[in-house]
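Colleague: Task: produce atomic coordinates for the following.
(chains A and B)
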2 protein chains.
Amino acid sequence: MEHRTKGDTRVDHQKLTRFVSQAFQKLGVPENDAEIAAKVLVAADLRGVDTHGVIRFNPNAWYVKWLQEGSMNPTPNIRVVSENGSTALIDGDTGIGMVIGHRAMELAIQKAKSSGVAMVGARNSRHFGMSAYYAMRALPHDMIGIAMTNASRQVVPTFGLEAKFGTNPICFAVPADKELPFVLDMATTTAAAGKLEVAVRHGDAIPLGWALDENAEPTTDPKVAQKARRLLPLGGTREGGSHKGYGLAIVVEILCGVLTGTITALNSNQEPRGHFFGAIRIDAFRPVADFKADMDRLIRELKSTAPMEGQQRVFVAGEIEFETTQERAARGIPLHSSVLDGLRAVSEQLGLPYDLE
Amino acid sequence: MEHRTKGDTRVDHQKLTRFVSQAFQKLGVPENDAEIAAKVLVAADLRGVDTHGVIRFNPNAWYVKWLQEGSMNPTPNIRVVSENGSTALIDGDTGIGMVIGHRAMELAIQKAKSSGVAMVGARNSRHFGMSAYYAMRALPHDMIGIAMTNASRQVVPTFGLEAKFGTNPICFAVPADKELPFVLDMATTTAAAGKLEVAVRHGDAIPLGWALDENAEPTTDPKVAQKARRLLPLGGTREGGSHKGYGLAIVVEILCGVLTGTITALNSNQEPRGHFFGAIRIDAFRPVADFKADMDRLIRELKSTAPMEGQQRVFVAGEIEFETTQERAARGIPLHSSVLDGLRAVSEQLGLPYDLE
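Modeller: Numbers count the residues shown, from 1 in each chain, chains lettered A, B, ... in the order given. Prediction:
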């Protein structure tokens, strides 16, 4: 996550969504799918998860590049491969990860309505953007949402020299009553890969425990770390508990990769990706009102914790992102000039009017 | 986890299970339940999770004390409160956590057989021993098992001064083919509370990042840490990612506490406890043989990682515990004299023959 302040241009999120959707359509994506994909990308920018937003939408980056080179399918045949009362496996036909993820999560929610809980895996997908988008789809249904994905190899197992798996994020979204929903969206590494980009851009050193260099020695230089692609699991070192972060990353690979048949840890070209989604209907366990009242009590108890010296407050997962969303929805999303350059290049390449600034 | 070597007496695990079961029966627990409870405790000792085994079975500790003082119900009316195709909520009537947990996990497995995936919560339970026991029950059914529990308040949220929640462990067990099952059983803190006991016993310092002292300053003294009861979430510090460990602990509290109605984070006497169990039928997604073959490939890929300098090998979650189980099942469980003293005291108090040494 990153809050840009200086030198950025504020862009209206609805305008931005429309622009990205139209660009997707110019790239051959059907209107409905293009709108979903654009919504997921801009949702990341709104939440302050800038590394998963339109920074990836330019002729040299992810989605535009992949669609143009043909490695991402604009009109995939997304189909249910196997199905059960509370489960499904979806084949994404290497379409846009956001479209595949959206369909899979909707199916999980649908199934949970009748069976109480449901889990849906997706195979042959591609990068799906921000996990929180999918998990949060469960919230208006009074369900707990779960979303995770495997990712390209750049994380070293505890005691290991070489990267063997991805930053494998996991997200849980839980509704509350008067308090904000609890939304935990975390890479299973000490720091998400995007944090290195931010450190490079700001010229900051990174803490020890985030990454190793090309000789697998600890490094504080984010450029060295980016080049080496040897991030450390949450915990950093064995005595810091990195076997737990490593273990969680493998749980994500098992659910997203082994259970679906799309294992990035064993795939030399690191594509396609597998995802895993879950929905838990609260009233299958307790009356929703009781649950939400207790969520409020829990959240207030956590927020009321006396802060340590030098800190103003204790946060609950998702709180900062909700505050960012509110601010950005009102004032516009601050985009760096390099991101705007990328969007302008897309507009020129696709012959799409550029009306963002 | 702890491997004792010197000065310990090896005790046959079957004899030990029988002894503990008979003691539970003397304390008013029906035979079948007593056998389950004994099996769970000794399973922890077999796996090397000594802090959750018979070290807790003496007149001054957990189960024996609670049953004798009447705060734990030897003959609970364990009942299903609410039920759905793939979910259930069980009320444990403050019985033995191991018995309640066992029943809840069996129900999750039963339900997953028909619906593909199932989740079962348990409220009004007590300490249930080692999480891995429950999750591993899923393995012979070719299912992925999940088990978690909330715990007494001794963990500080990121930026906070005071402990607000428990070490809230989470466990995933996944079958493989020729390789050992993957079993991740982790507290969501940097180090489990039991690690402090081990450090005290050995006179070792603890690493920074494990715990705070009574002024909420970092400490390396395990005795100070035990007294202060201010453990740190996995990650240790904010820059080390402790907001992720904190978030995971709250996910566990939400599933075990808020969804069941038994929230230890809001309960001043820290009892009862809530648990949460899940079972995912592999063949609801993929043929079991394909899944297991891919698990073997993944596990071998991880184990084949070149180790860093000074390390012999890269482990996969559960591997060390399986090796320990094998060794202890063959040679007996090494018990410290103080643990044997406790068991002897139980035998005298209950008039039960002592045949362990």
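
Colleague: So which residues of the stretch 201-350 of chain A form strands?
Modeller: Along the stretch 201-350 of chain A, counting by DSSP state E, counting those that start in this stretch, strands occupy A:273-281, A:333-335.

Colleague: Pick the most deeply packed of those.
Modeller: Comparing the strands of the stretch 201-350 of chain A on average neighbours per residue, with mean count of other Cβ atoms under 10 Å in any protein chain shown, the densest one is strand A:273-281 at a mean of 29. Every C-beta, even on glycine, is put in place using the N, C-alpha and C of the backbone.

Colleague: List the strands paired with it, with their directions.
Modeller: strand A:117-125 (antiparallel), strand A:143-149 (antiparallel) (DSSP bridges).

Colleague: Dump those strands to JSON lines, plus distance to residue B:103.
Modeller: Formatted as JSON lines, the strands paired with strand A:273-281 follow (distance: least, Cβ to Cβ, whole Å):
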{"stretch": "strand A:117-125", "distance to residue B:103": "19"}
{"stretch": "strand A:143-149", "distance to residue B:103": "23"}
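
Colleague: okay, the ones you listed in JSON lines with mean neighbour count and mean pLDDT next?
Modeller: Formatted as JSON lines, the strands paired with strand A:273-281 follow (neighbours: other Cβ atoms under 10 Å in any protein chain shown; pLDDT from 0 to 100):
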{"stretch": "strand A:117-125", "mean neighbour count": "29", "mean pLDDT": "98"}
{"stretch": "strand A:143-149", "mean neighbour count": "28", "mean pLDDT": "98"}
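
Colleague: and of those strands, who's closest to residue B:355?
Modeller: strand A:117-125 (46.2 Å; Cβ to Cβ).

Colleague: Heading C-terminal from that closest one, find the next helix or strand.
Modeller: The helix or strand immediately downstream of strand A:117-125 is helix A:131-136, counting by DSSP states H and E.

Colleague: closest to residue B:305 out of the strands of the stretch 201-350 of chain A?
Modeller: Of the strands of the stretch 201-350 of chain A, nearest to residue B:305 by Cβ to Cβ is strand A:273-281, at 21.2 Å.

Colleague: quick one: average pLDDT of that closest one?
Modeller: For strand A:273-281, mean pLDDT is 98.

Colleague: now stretch A:217-234
Modeller: For stretch A:217-234, the per-residue pLDDT averages 95.

Colleague: In the stretch 151-300 of chain A, mark out all the helices, start to finish.
Modeller: A:193-202, A:222-228, A:242-253, A:288-303 (DSSP state H, counting those that start in this stretch).

Colleague: among these, which is nearest chain B?
Modeller: Smallest distance to chain B across the helices of the stretch 151-300 of chain A (Cβ to the nearest Cβ): 3.8 Å, for helix A:242-253.

Colleague: Would that closest one count as contacting chain B?
Modeller: Yes: under the criterion of Cβ under 8 Å from any Cβ of the partner chain, chain B is reached by helix A:242-253 at A:243-248, A:250-251, A:253.

Colleague: Now find how far off-centre that helix is within its chain.
Modeller: 17 Å (Cα atoms, centre = their mean, to the nearest Å).

Colleague: which strands and helices sit next to that helix?
Modeller: Identification of packing neighbours for helix A:242-253 by 3 or more Cβ pairs under 8 Å, 6 or more residues apart in numbering or on different chains; DSSP states H and E yields strand B:170-174, strand B:182-186, helix B:288-303.

Colleague: gap between the residue nearest to the spatial centre of chain A and chain B?
Modeller: Most central in chain A under Cα atoms, centre = their mean is residue A:130, positioned 2.3 Å from the mean C-alpha point. Computed with Cβ to the nearest Cβ, to the nearest Å, the distance linking residue A:130 and chain B is 16 Å.

Colleague: So what does that residue have for phi and psi?
Modeller: phi -90, psi 120 (degrees, to the nearest 10).

Colleague: Against residue A:48, how distant is it?
Modeller: 10 Å (Cβ to Cβ, to the nearest Å).

Colleague: Can you tell me which of the helices and strands packed on helix A:242-253 is packed in deepest?
Modeller: strand B:170-174 (a mean of 27).

Colleague: Neighbouring strands - and their directions - for that strand?
Modeller: According to DSSP bridges, strand B:170-174 has these partners: strand B:143-149 (antiparallel), strand B:182-186 (antiparallel).

Colleague: From the contact counts, what lies against the longest helix seen in chain A?
Modeller: Looking across chain A with DSSP state H, the single longest helix is helix A:97-115. Helix A:97-115 is packed against helix A:31-47, strand A:87-91, strand A:117-125, helix A:131-136, strand A:143-149, strand A:273-281, with contacts defined by 3+ Cβ pairs under 8 Å, 6+ apart.

Colleague: Show the contacting residues for residue A:39.
Modeller: A:17, A:21, A:133 (Cβ atoms under 8 Å, 6 or more residues apart in numbering or on different chains).

Colleague: any idea how far the last one lies from residue A:126?
Modeller: It stands for residue A:133. Residue A:133 is 15 Å from residue A:126, by Cβ to Cβ.

Colleague: List of residues touching stretch A:61-77?
Modeller: A:23-24, A:27-30, A:33, A:37, A:41, A:55-59, A:92-96, A:99-100, A:126-127, A:271, A:342, A:346.

Colleague: An error on my part: the question was meant for stretch A:301-313.
Modeller: A:314-316, A:319, B:156-157, B:159-162, B:164-165, B:216, B:250, B:265-266.

Colleague: please redo it, this time with the cut-off set to 6 Å
Modeller: A:314, A:316, B:157, B:159-162, B:164, B:216, B:266 (Cβ atoms under 6 Å, 6 or more residues apart in numbering or on different chains).

Colleague: Now find how far off-centre that stretch is within its chain.
Modeller: That offset, for stretch A:301-313, works out to 28 Å (Cα atoms, centre = their mean).

Colleague: Now do the end-to-end distance for it.
Modeller: Stretch A:301-313 has an end-to-end distance of 12 Å (criterion: Cα to Cα, to the nearest Å).

Colleague: Go through that stretch and flag the buried ones.
Modeller: A:301-302, A:305, A:307-308 (16 or more other Cβ atoms under 10 Å in any protein chain shown).

Colleague: Quick check: mean pLDDT of that stretch?
Modeller: 95.

Colleague: right, and the helices and strands packed on helix A:97-115 - which one's nearest residue A:334?
Modeller: helix A:31-47 (9.0 Å).

Colleague: Please check the contacts of stretch A:301-313 and keep the buried ones.
Modeller: Here, 16+ other Cβ under 10 Å leaves A:314, A:316, B:157, B:159-162, B:164, B:216, B:266 buried among the contacts of stretch A:301-313.

Colleague: which one is residue A:259 nearest to, not counting chain neighbours?
Modeller: residue B:285 (4.9 Å; Cβ to Cβ, 6 or more residues apart in numbering or on different chains).

Colleague: Tell me how many other residues crowd that neighbour.
Modeller: 30 (other Cβ atoms under 10 Å in any protein chain shown).

Colleague: hang on, it packs against residue A:257?
Modeller: No: contact between residue B:285 and residue A:257 fails when scored by Cβ atoms under 6 Å: they sit 11.5 Å apart.

Colleague: on that earlier part again, of all the strands paired with strand B:170-174, which lies closest to residue A:85?
Modeller: strand B:143-149 (14.9 Å).
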